[in-house]
Every structure is written in C-alpha cells, then in structure tokens.
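Participant: got a structure for you, letters missing:
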C-alpha cells in the first residue's frame, strides 16, 4: 500500500512539473505578444528586466524541462484505469474547448494571447493545460508513428545531451533572474495582481526544476531508445 502510494505521488509530481512548464509557456506567451505588439514602446518589468526578449530564453527553459519531467512519470508502473492516460487528456481537451467556445468571449486562436483576469477564460485555459499535460505524459502510447518520431528526436538529443545539460543550467539562471526582475517590479510599482503572482510562481518553479534536473544530471542519464529496449529484455 505504501509503495503504491509512493508511486502515485511521484506520478502526480511528474504531471505537476509538466503542467508548470506549460503554464510558464502560456504566461510568457501573453507577455511576449504584448511586448512585440507594442515594441518599442512597452518594456515589460523595466528597469529591472533589461530586455523583454529574455522571455524567449524562459520559454526554452520550460521546453527543456518537459522531457526530464515526463521521464519521471514514464518510468513508473501505475497501470491504467479503463483507458490510457491520453484518452482522459483528449476528453478534458474536448470538454474544455467546448466550454471556451460557448462560455467565454475568447476564441481558441486568441485564448492564450490575452492578458486578462477574466475567470471563465482562465478556467478554460487551466483545464486545457491539464488536458495537454495528460496527453504529453502518455504521448508515446497514442500511436506507433508518434512513438517512433519521439524516439528519433530522443536519439538526436542523446548525441548532444552534454550540451543540453549545460544549456539547462544557463537558462535556469536566466529564468531565476527574470523571476527576480518581475518580483522587484511588482513590489516597487506595485502591481501584485493574480496574473503577476502566477507569473512569478511559475518562473520560480521553472528555474528550480532546471537546477534540480542539472543536479540530478537528468539529461546526461538519457539513453538511446535502442539501449532501453535491449535492457528491458
């Protein structure tokens, strides 16, 4: 019983890390959209943030974190409740999409570009991201073609895993700086809205995840798909 609980808690932890990476991407998408749309007149979190383009590096940090975060859950054997996890993910995505279309003023094309505190819109975003998280976690099981494509990508990253390892450290440091700039700007100006709280929280978690993965040498421990298949036999 205790072992089963440990496995499920670790699975939830893995899903939470993936979800945070997606929230980070969504949070900075709205900022970058406003930054480029108003460029050069709007400088986000100035003067503490030297350049709004640094959010692109934060996006890289979130993307780099997804694979090792998903690997934590993929290594566990939780079984399945009736269906694969991705089935529930697609179900949540469909229901959330219907909700956004029928209950909010946003469209699916502009949903993640708006910087708003509107509760229905943010609720739709939240459940869509949860659906994406469940699908991403179980993506290799969706189809054999997708699994083969992911294995091909993984094989490519295995060849540059040392570079990605050090890159993860670099983008983690920059993400921590961006978090500090947002925090200082929000305190001094002051503008501690729910949106700013969310942005700061997800930036901090993204940087911590980057440092934790570097410490555990997550990318350095990645092995080619063929090696994994041979070791499992």
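Facilitator: Alright, I've got the coordinates. Source: prediction; values computed, not measured. Residues are numbered from 1 along each chain as shown.
Participant: give me the low-pLDDT residue ranges for the protein?
Facilitator: For the chain, the stretches flagged by pLDDT under 70 are 1-2, 74-83, 190-193, 226-233.
Participant: Try it again at 50.
Facilitator: Counting by pLDDT under 50, the ranges of the chain that qualify are 229-233.
Participant: Do a quick rundown of the helices in it.
Facilitator: 2-38, 54-74, 85-103, 119-137, 144-159, 161-188, 194-215, 225-232 (DSSP state H).
Participant: Check the ones you listed for me and report the most buried one.
Facilitator: Sort those by mean neighbour count, taking mean count of other CB atoms under 10 Å, and helix 54-74 sits at the top with a mean of 21. Heads up, the C-betas are built off the backbone N, CA and C, glycines and all.
Participant: Name the residues that touch that one?
Facilitator: Residues from elsewhere that reach helix 54-74 (CB atoms under 8 Å, 6 or more residues apart in numbering): 10-11, 13-15, 17-18, 21-22, 24-25, 28, 31-32, 35, 44, 136-137, 140, 154, 157, 164, 167-168, 171-172, 174-175, 177-178, 203, 206-207, 209-210, 213, 218-219, 222.
Participant: quick one: it to helix 161-188, angle?
Facilitator: 120 degrees (axes from the mean of the first three to the mean of the last three CA atoms, to 10 degrees).
Participant: JSON lines for the helices of the chain, including distance to residue 112?
Facilitator: Shown next, in JSON lines, are the helices of the chain (distance: least, CB to CB, whole Å):
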{"stretch": "helix 2-38", "distance to residue 112": "5"}
{"stretch": "helix 54-74", "distance to residue 112": "13"}
{"stretch": "helix 85-103", "distance to residue 112": "11"}
{"stretch": "helix 119-137", "distance to residue 112": "7"}
{"stretch": "helix 144-159", "distance to residue 112": "23"}
{"stretch": "helix 161-188", "distance to residue 112": "19"}
{"stretch": "helix 194-215", "distance to residue 112": "13"}
{"stretch": "helix 225-232", "distance to residue 112": "32"}
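Participant: Can you give me the end-to-end span of stretch 186-200?
Facilitator: 9 Å (CA to CA, to the nearest Å).
Participant: ugh, wrong one, I meant stretch 47-59
Facilitator: Stretch 47-59 has an end-to-end distance of 21 Å (CA to CA).
Participant: Over to stretch 135-144?
Facilitator: 15 Å.
Participant: How far off centre is it?
Facilitator: 16 Å (CA atoms, centre = their mean, to the nearest Å).
Participant: Nothing else from me, thank you.
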